[in-house]
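1. Predicted model, plus sequence, below.
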Amino acid sequence: MEKALDKVVETLMATPNVNGCLVADHQGLCLAAKGAAHVDSAGIIVALSEQACKLQPNLKPPTVCLETDKKQCLIQRHGTITGAIYKQKD
């Protein structure tokens, strides 16, 4: 699984404007982090995703978007894995 996860992270990092990527399990354990993503943020990213899921529990997990004038952090949960992509805005 580790090689497959590394391949996904590398593919995401090669995407234009992406400058960081983080993947964590349901307990907030960081499985992979690259670029602007910091390992210590894994727990809070999972917690934000879990709280957003409580807004409409019968629907698929929402994408959480945190943004400033220059940056974006997109958080998405899929099953027990949560991912965050850090992007520079155009």
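-> Here it is on my side, so go on. Numbers count the residues shown, from 1 in each chain.
2. Please count neighbours and contacts with C-alpha atoms only from this point.
-> Will do.
3. Looks to me like K3 is in a strand.
-> No - counting by DSSP: H, G, I helix; E, B strand; the rest coil, K3 is not part of a strand but helix.
4. That one and L31, how far apart?
-> 12 Å (CA to CA, to the nearest Å).
5. and if you look at L55?
-> Distance from L55 to L31, by CA to CA: 26 Å.
6. out of these two, which sits in the busier spot?
-> The residue with more neighbours, out of L55 and L31, is L31; 17 against 11, by other CA atoms under 10 Å.
7. quick one: contacts for that one?
-> L31 makes contact with L22, V23, A24, D25, according to CA atoms under 8 Å, 6 or more residues apart in numbering.
8. Parallel or antiparallel, which strands does the helix or strand harbouring the first one pair with?
-> Following DSSP states H and E, one finds L22 within strand 18-24. Strands that pair with strand 18-24, judged by DSSP bridges, come out as strand 30-35 (antiparallel), strand 81-88 (antiparallel).
9. Following the first one in sequence, what is the next regular element?
-> Put plainly, it is strand 30-35. Using DSSP H and E, the next helix or strand after strand 30-35 towards the C-terminus is helix 42-53.
10. So which bits of the following helix or strand past that next one are buried?
-> Remark: after helix 42-53, the chain's next helix or strand is strand 64-67, criterion DSSP H and E. For strand 64-67, a neighbour-count test (16 or more other CA atoms under 10 Å) marks V64 as buried.
11. by contact count, what packs against strand 64-67?
-> helix 42-53, strand 71-78 (3 or more CA pairs under 8 Å, 6 or more residues apart in numbering; DSSP states H and E).
12. Low-confidence stretches in this protein?
-> Along the chain, segments meeting pLDDT under 70 span 1.
13. got a winner among the contacts of L31 for most neighbours?
-> Neighbour counts for the contacts of L31 peak at V23, which has 26 neighbours (criterion: other CA under 10 Å).
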